[in-house]
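Trainee: Please find the sequence and the predicted model below.
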Amino acid sequence: MSVPAWMEIRGPVREALAAGSPVVALESTVIAHGLPHPYNIELALDMERILTSYGVTPATIGVLGGRACIGLTPAEIEHLATASGIRKLSRRDMAIAIAQGLDGATTVAGTLLLAHLAGMRVFCTGGIGGVHRSRAFDVSGDLPALAETPMIVVCAGAKAILDLPATREWLETHAVPVLGYNTDEFPAFFTPRSGLTVDAVVRSPAEVARIALRHWETGMRSAVLVAVPPPAEEMLAPEAAEAAISQALAEAEERGVRGWELTPFVLDRLVEITAGASLRANLALLRNNAHVAAQIAKQISRGGI
Ligand code: PSU
Ligand code: MN
C-alpha cells in the first residue's frame, strides 16, 4: 500500500499490516494533554503491553518534526509525554503540523485520520470528544471524524463534562452505530450509566467485528463506536462526578478557557478536585478498553466473520 511521503509506518506495524495480523491504533493527546506525568508514560506503555499480550501489534500515533509516525517508540512516547509545546492535533491541524515540521499529539479525530490512511481498522481510546456543555458553540472535531472514518473505535463513552444527550443525537444523525459492550446504556466515562441508550447490546468481540464488517459492506463510511462501561472498582460515584465536573466547568468559564484548551483544562482540574480519583478511573478504563480492543482486532483480522 502506498502511503504519503510524510508518513512513517514503523517496522512492526508495517509488517503486521502487510501480514494481515491484528493491529490497534492508540492516540497520543491523552499522553501529552490528557494525563499528568508520569502516569501518562506508564499508561501509554501499559496499553502497548496489554495489546502485545494478546498477540496484537500496538501503533501509538503522533507527529514528530512534521512526520506522521505510526508506531511511536518508547523514547518518542516519552518525548510527547514530557516536552512542552506539543500541539494538540485534530484533523484541521494535521496539514499545518506536517508542512511546518511541528511536533504534535493526535486526538481521536487526528488519530482516526492517520490510522485509516495507514490501513488500520481498530482504534482504542478512553473517551471521545463531543458536544460541549458550554454556552459558546463548541463541538469536538472528533464527531465529524467518527462520521467519516470507517474504523472501530473502542471507548468508555463520552465524558460527562460534555452534553451527553446532544452528543448521542449527533452520532445518531451521522450514522455512527453505538454498540454497548455488555451494557444497554451509553457509559459516561467516569460512571457506567448516562440514562442514554445504545443502538445494540453486544456480548462478544466477534459480534462487534460482524456488525462493523456488515456496516461497511452496506457502503457506510462511518465509524462503529464500541462503548465499554468503566471498571466498577475505580468508577466515581455519579453525584461526586457531577459536582466535580460542574465546578471544573464553572472555573473554565470564569477564566475564559476556550477552544482546544478546554478539554485538557477540565481534565486537569477534575484530577485535583477529586484528589486523584478521576485519574484512577481514567487509567483503569483505558487499560480495560485495551483488553477489549485487542480481542476485537483479532476477530477483525481473522476476516470472514
Ligand atoms: N477524553 C479523555 N481524555 C482525553 C481526551 C478526551 O478522557 O485526553 C482527548 C482526546 O484526544 C479527544 C480530545 O480526542 O480530548 C477531544 O478534545 P476536543 O474536545 O478539544 O475536541
Ligand atoms: Mn472544541
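Mentor: Cool, the structure landed. Ligands and ions are numbered 1, 2, ... in the order given.
Trainee: Next, the contact list for whatever residue of the stretch 1-150 of the chain ends up closest to ligand 1, please.
Mentor: In the stretch 1-150 of the chain, the residue found nearest to ligand 1 is residue 34; the distance is 2.3 Å by Cβ to the nearest ligand atom. (C-beta placed from N, C-alpha, C; glycine too.) Listed by Cβ atoms under 8 Å, 6 or more residues apart in numbering, the contact partners of residue 34 are 40, 126, 263-264, 267, 282.
Trainee: Leaving out the residues flanking it, which one is nearest to residue 6?
Mentor: Nearest non-adjacent residue to residue 6, counting by Cβ to Cβ, 6 or more residues apart in numbering: residue 98, 5.0 Å away.
Trainee: need the contact list for the residue of the chain most remote from its centre.
Mentor: The centre of the chain is farthest from one residue, residue 254, which by Cα atoms, centre = their mean lies 28.1 Å away. Not one residue lies near residue 254 by Cβ under 8 Å, 6+ apart.
Trainee: Pull up the per-residue confidence for it.
Mentor: Listed pLDDT for residue 254 reads 95.
Trainee: A helix includes it, no?
Mentor: Yes - judged by DSSP: H, G, I helix; E, B strand; the rest coil, residue 254 forms part of a helix.
Trainee: how much space between it and residue 133?
Mentor: Remark: distance between residue 254 and residue 133 (Cβ to Cβ, to the nearest Å) = 15 Å.
Trainee: Can you check the pLDDT for residue 117?
Mentor: 98.
Trainee: Give the burial count for it, as a bare number.
Mentor: 17 (other Cβ atoms under 10 Å).
Trainee: now residue 251
Mentor: 14.
Trainee: Identify the residues contacting it.
Mentor: Here residue 251 is in contact with residue 269 (Cβ under 8 Å, 6+ apart).
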